[in-house]
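[1] sequence and predicted model, in that order:
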Amino acid sequence: GDESEWQVRPPVVTVMGHVDHGKTKLLDALRNANVVAGEAGGITQHIGAYQVATEVDGSERKITFIDTPGHEAFTAMRARGSQSSDIAVLVVAADDGVMPQTVEALNHAKAAGVPIVVAVNKIDKPEADPTKVRGQLTEYGLVPEEYGGDTMFVDVSAKSGLNLEGLLEAIVLTADASLDLRANPNQDAQGLVIEAHLDRGRGPVATILVQRGTLRVGDSIVAGPAYGRVRAMLDEYGNELDEATPSRPAMVLGLSAVPGAGQNFIVVEDDRMARQIAEKRESRERAAMQAKRRV
Ligand code: GTP
Ligand code: NA
Ligand code: MG
């Protein structure tokens, strides 16, 4: 579209790393929430998305975070997460050091061509060895700036809240240094389904990420095989949103079905069009499935 209408959008940051290295706790600390406490077995099993605001050099900056699971079973989610993001924050627990999913995560980020910021977490622990983590990651090509490389390492504690501002600053600096983050908010929205589930009371609930345009309550959308009019949108605190601009994650209510994570959504002219497109997609998918079964 017309480049003059493009506006700066917040960076989308995927938080990745080995299981239990503190990704969710870190995001909880950044937005004063407590998701960790509600997770079954303390294991993240889906992708969550949140936006936080910070102040860097006197101006407010927003950052969108996508939380990913570290359990080895969720490779596909990590791959998808890194593909839809601008920056990856690699969380490494300073007591554990580099572990298998640390390596897997950094490989996803490299494959996606996404700059990496390393958060060396659990620095509050007596066994923490942040120097060792730097040495280990250097072997994988992530050389700390203080060693003459170009990767920012930030020591943090999600538990005590130590140096979280330092991490946010590193993210903003990385975004400003290496990325041109702009999008046109003045067009029909499109974006990605981050996660979706069926809620007993509210029906299908989809967490979406707007990538272009502005999504508004009342818009007709198609998301994978699901369609519908946006009945309501909620932010990460459960507050209602009237609209969602580029890089904003939102929970969307009003869909006909539960779309798949990673599927795209688009805004279309009206409900009827939305349904037609969704039905066409579904029959195409069904045909593809049947063809596959025949082979
Ligand atoms: P998965 O999503 O399951 O991969 O785990 P995660 O990386 O999101 O880790 P999570 O946030 O669930 O934290 C795992 C455990 O480490 C929890 O018991 C946290 O309370 C603890 N933890 C996280 N960060 C810190 C920290 O900075 N210091 C200490 N001491 N404990 C922490
Ligand atoms: Na965990
Ligand atoms: Mg987690």
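    Thanks, I have it. Numbers count the residues shown, from 1 in each chain. Ligands and ions are numbered 1, 2, ... in the order given.

[2] helices of the stretch 151-295 of the chain, residue ranges please.
    Using DSSP state H, counting those that start in this stretch, the helices found in the stretch 151-295 of the chain span residues 164-178, 271-294.

[3] how much space between residue 15 and ligand 3?
    Computed as CB to the ion, to the nearest Å, the residue 15 to ligand 3 distance reads 8 Å. Yep, even glycine has a C-beta here, placed from its N, CA and C like the rest.

[4] same check on residue 180?
    30 Å.

[5] may I have the phi/psi pair for the nearest residue to residue 112 once chain neighbours are set aside?
    Setting aside the residues directly before and after it, residue 112 is nearest to residue 82 in space (CB to CB, 6 or more residues apart in numbering), at 4.5 Å. Phi and psi for residue 82, reported as degrees, to the nearest 10, are phi -70, psi -30.

[6] can you give me the neighbour number for residue 82?
    Residue 82 has 25 neighbours, counted by other CB atoms under 10 Å.

[7] I'd guessed it sits against residue 109; true?
    Yes: look at residue 82 against residue 109 with CB atoms under 8 Å: they come within range, at 5.0 Å.

[8] the stretch 51-200 of the chain against ligand 1: which residues are in contact?
    Residues of the stretch 51-200 of the chain lying close to ligand 1 by CB under 6 Å from any ligand atom are 69-71, 121-122, 124-125, 157-159.

[9] among those, who's most crowded?
    residue 121 (30 neighbours).

[10] could you pull out the strands in the stretch 51-200 of the chain for me?
    59-67, 87-93, 116-121, 152-155, 182-183, 190-199 (DSSP state E, counting those that start in this stretch).

[11] export the ones you listed to CSV and tack on distance to ligand 3 and mean pLDDT?
    As requested, these are exported to CSV (distance: least, CB to the ion, whole Å; pLDDT from 0 to 100):
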stretch, distance to ligand 3, mean pLDDT
strand 59-67, 6, 93
strand 87-93, 9, 97
strand 116-121, 12, 98
strand 152-155, 19, 98
strand 182-183, 28, 92
strand 190-199, 13, 94
